[in-house]
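Asks: test case, fold it:
(one chain, ligands or ions: 1)
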Amino acid sequence: MTSPTPNTSRDRYMVLNAFTMATVSHLNYGLWRHPADQTHRYKDVDYWVDLAKLLDREGFDCLFIADALGQIDVYGNSPAPALKHGIQSPLIDPLMLVSAMAAATKSLGFGITLSTTYEHPYQLARKLTTLDHLTKGRMGWNVVTSQQESAARNLGLERQIPHDERYERADEFMDVVYKLWMNSWENDAVIRDQSPAGSGNWVYTDPGKVHPIHHDGKYFRVPDAHVSEPSPQRVPVILQAGASARGIDFAARHAEVIFVVGADAAGTKANVRKIREEAEKLGRDPASLKFISAAAVVVGETEAEALEKFRDYKTWYDPIGSIIHYSSMTGVDFSQTPTDNVVTYRQTEASQSVLSQFDPAKSGRSWTLAEATSPKEGFGRARTFVGDAKAVADQIESWLEASETDGINLIQIVNPDSYLDFARLVLPELRSRGRIRPQAAGTLRQNLFPGLASGIPATSHPSRCCPNS
Ligand SMILES: Cc1cc2nc3c(=O)[nH]c(=O)nc-3n(C[C@H](O)[C@H](O)[C@H](O)COP(=O)(O)O)c2cc1C
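Replies: Modelled structure (predicted):
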């Protein structure tokens with residue numbers, strides 16, 4: 001049951017992320033065919049640098065990039081529909097994009113998706129430490145346990161590790177990376193004493209201040225110290241999205257920014273309260289968690305202009321594409337399901353929360369497949385706010401209130417117009433209402449959690465549990 005306690009820890013400043021994927025269409029199914037859309041340039045570094053510069057200039061907190069590790073092939077039991085419809089395929093590696101974007105920006109954070117099921121913690125720790133150095137403390141990690149059989153098949157497994165066991169493995173994965181990031185190098189381990197040759201005092205790193213972690217667990221054995229010296233945040237900001245029972249437990253334990261789902265504001269709020277409650281039980285400070293959800297915005301100078309734009313965008317929207325993606329996330333082949341059939345929950349080894357949010361037992365009403373995947377009033381499964389600047393700002397504020405979330409992951413409908421329109425029209429309005437932080441504070445973590453004295457996680461975060469932290 002949800003907590004009756006109202007959430008009192010939310011800041012006035014909202015979290016503002018742009019949400020995309022290194023592919024032709026993310027949640028804006030079919031819009032790659034729109035004449036204004038530039039997403040087909042996703043393989044061009046200038047496309048990413050231009051997007052990052054725009055978001056940085058306009059004061060977005062973070063560019064959040066989703067990812068997947070295998071083909072989208074549940075719908076019709078084949079990759080062909082996703083390939084034809086351009087549904088998250090073709091796809092490139094988002095981590096590779098960060099250095100170029102970082103070099104062209106000052107304060108924009110980067111939330112990149114990496115899987116605890118298919119990465120190794122020792123390697124992942126080095127990759128994210130490297131980027132946290134190169135970005136000067138602007139890295140976030142969207143921790144996923146993955147959900148596609150196609151990833152398992154192509155990465156050396158017979159089949160997916162079962163859903164709950166993936167989370168068990170993920171818990172141990174986090175334990176390993178926390179030890180590497182927080183416990184292995186002391187703050188003053190690097191001395192870089194350049195005493196002249198012959199003095200005998202010169203030293204780069206004090207070996208006595210670099211500690212092996214001696215991890216020997218069920219899934220991982222990592223005996224030695226981290227190979228990289230600590231980065232500005234030490235631990236990238238931990239983002240997370242899964243919301244099954246096991247996903248909620250994981251989020252409550254580890255996540256700082258939770259990408260929360262729900263069929264509507266009430267369902268989203270129930271998930272927010274559940275995770276907050278669990279986090280508090282684990283001794284975490286409720287102010288050290290933030291909740292965001294996906295949102296699309298169609299804004300015009302006037303309501304009529306916005307409605308016309310919405311109508312135009314809708315003509316390009318691909319409802320089959322949305323079902324192809326939904327099949328992949330849920331692990332259920334919906335290719336033969338009439339779109340007016342009611343969505344019922346069934347347990348799969350893929351994402352459970354993406355299906356259970358439409359379970360009548362959870363949301364209080366039934367949803368047809370069409371309503372779940374292509375609601376008339378929106379784009380895909382993202383909340384959609386349409387109108388002039390004032391109306392959109394009103395809708396965003398009402399949504400944040402009703403869902404008890406802290407901010408949005410703004411999806412693109414048409415790139416870059418969706419972000420340009422938002423920046424030109426909605427941001428000044430939100431700014432005038434005191435919703436946008438006036439300037440960057442330092443690291444991504446300090447931007448998201450104003451008041452933190454340093455870039456490292458809050459003292460109640462599990463990464464701070466051990467010596468040297
Ligand atoms: C809103 C949302 C966004 C997600 N984004 C990704 C993603 O980009 N890449 C990925 O591999 N998994 C993604 N996932 C999958 C989850 O991270 C998680 O691994 C999966 O949902 C299984 O957990 P669950 O049953 O607890 O939801 C996403 C899930 C949700 C709900």
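
Asks: now do Glu229 against Asp193, distance only.
Replies: Distance, Glu229 to Asp193, by C-beta to C-beta, to the nearest Å: 15 Å. (Glycine included, C-beta is placed from N, CA and C.)

Asks: these two - which one has more neighbours?
Replies: Remark: of Glu229 and Asp193, Glu229 carries more neighbours, 14 against 10, as counted by other C-beta atoms under 10 Å.

Asks: and that one, what are its phi and psi?
Replies: In terms of degrees, to the nearest 10, the main-chain angles of Glu229 are phi -80, psi 160.

Asks: residues contacting the residue nearest to Arg192 when sequence neighbours are not counted?
Replies: Nearest non-adjacent residue to Arg192, counting by C-beta to C-beta, 6 or more residues apart in numbering: Tyr204, 5.7 Å away. Applying C-beta atoms under 8 Å, 6 or more residues apart in numbering to Tyr204 gives the contacts 190-193.

Asks: one more: Leu54?
Replies: Counting by C-beta under 8 Å, 6+ apart, Leu54 makes contact with 416, 419-420, 423.

Asks: would you turn those residues into a markdown table with pLDDT, neighbour count and distance to Ile65?
Replies: Output for those, formatted as a markdown table (pLDDT from 0 to 100; neighbours: other C-beta atoms under 10 Å; distance: C-beta to C-beta, whole Å):
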| residue | pLDDT | neighbour count | distance to Ile65 |
| --- | --- | --- | --- |
| Pro416 | 95 | 19 | 15 |
| Tyr419 | 97 | 20 | 14 |
| Leu420 | 97 | 13 | 19 |
| Ala423 | 98 | 17 | 19 |
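
Asks: ok so, going back, tell me the one of the contacts of Tyr204 nearest the ligand?
Replies: Val190 (34.6 Å; C-beta to the nearest ligand atom).

Asks: what about that closest one, distance to Asp206?
Replies: Taken as C-beta to C-beta, the span from Val190 to Asp206 is 8 Å.

Asks: quick one, strands of the stretch 1-150 of the chain?
Replies: For the stretch 1-150 of the chain, the strands defined by DSSP state E, counting those that start in this stretch occupy 15-21, 62-66, 109-115, 139-144.

Asks: closest one to Asp318 among those strands?
Replies: Among the strands of the stretch 1-150 of the chain, the nearest to Asp318 by C-beta to C-beta is strand 15-21 (15.6 Å).

Asks: residue in the stretch 1-150 of the chain nearest to the ligand?
Replies: Going by C-beta to the nearest ligand atom, the ligand is nearest to Ala66 of the stretch 1-150 of the chain, at 3.0 Å.

Asks: contacting residues around the residue nearest to that residue when sequence neighbours are not counted?
Replies: Leaving aside its sequence neighbours, Ala66 sits nearest to Met21 (C-beta to C-beta, 6+ apart; 4.5 Å). By C-beta under 8 Å, 6+ apart, the residues touching Met21 are 65-67, 88, 91, 94.

Asks: mind listing what's buried in the helix or strand of the chain with the lowest mean pLDDT?
Replies: Within the chain, no helix or strand scores below helix 360-363, which has a mean of 78 by mean pLDDT, DSSP states H and E. For helix 360-363, the neighbour count (16 or more other C-beta atoms under 10 Å) marks 362-363 as buried.

Asks: and it, how far out from the chain's middle?
Replies: Helix 360-363 has its C-alpha centroid displaced from the chain centroid by 25 Å (C-alpha atoms, centre = their mean, to the nearest Å).

Asks: ok, and does it reach over to the ligand?
Replies: No - figure legend: helix 360-363 not in contact with the ligand (C-beta under 6 Å from any ligand atom); closest approach 13.0 Å.

Asks: what about His40, neighbour count?
Replies: 15.

Asks: measure Arg169 to the ligand for me?
Replies: From Arg169 across to the ligand, the span is 12 Å (C-beta to the nearest ligand atom, to the nearest Å).

Asks: doesn't that residue fall inside a strand?
Replies: No - going by DSSP: H, G, I helix; E, B strand; the rest coil, the assignment for Arg169 is helix, not a strand.

Asks: and it, what does it touch?
Replies: 116-117, 145, 161, 219.

Asks: just the ones of the contacts of Leu54 in strands?
Replies: Among the contacts of Leu54, no member falls in strands (DSSP state E).

Asks: now these as a markdown table including distance to the ligand?
Replies: Formatted as a markdown table, the contacts of Leu54 follow (distance: C-beta to the nearest ligand atom, whole Å):
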| residue | distance to the ligand |
| --- | --- |
| Pro416 | 21 |
| Tyr419 | 19 |
| Leu420 | 24 |
| Ala423 | 24 |
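
Asks: among these, which are located in helices?
Replies: Cross-referencing those against helices under DSSP state H gives 419-420.

Asks: out of the contacts of Leu54, who's nearest Ile213?
Replies: Tyr419 (41.1 Å).

Asks: let me know how buried the residue of the stretch 1-150 of the chain closest to the ligand is, in neighbour terms.
Replies: Counted with other C-beta under 10 Å, Ala66 comes out at 24.

Asks: repeat for Pro196
Replies: Neighbour count of Pro196, defined by other C-beta under 10 Å: 8.

Asks: helix, strand or coil for it?
Replies: Pro196 is classified as coil under three-state DSSP.

Asks: give the contact list for it.
Replies: Counting by C-beta under 8 Å, 6+ apart, Pro196 has contacts Trp202.

Asks: could the strands of the stretch 1-150 of the chain go into JSON lines alongside mean pLDDT?
Replies: Shown next, in JSON lines, are the strands of the stretch 1-150 of the chain (pLDDT from 0 to 100):
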{"stretch": "strand 15-21", "mean pLDDT": "97"}
{"stretch": "strand 62-66", "mean pLDDT": "98"}
{"stretch": "strand 109-115", "mean pLDDT": "98"}
{"stretch": "strand 139-144", "mean pLDDT": "98"}
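
Asks: mind putting those in TSV, distance to Ala441 included?
Replies: Converted to TSV, these look like this (distance: least, C-beta to C-beta, whole Å):
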stretch	distance to Ala441
strand 15-21	13
strand 62-66	13
strand 109-115	11
strand 139-144	15
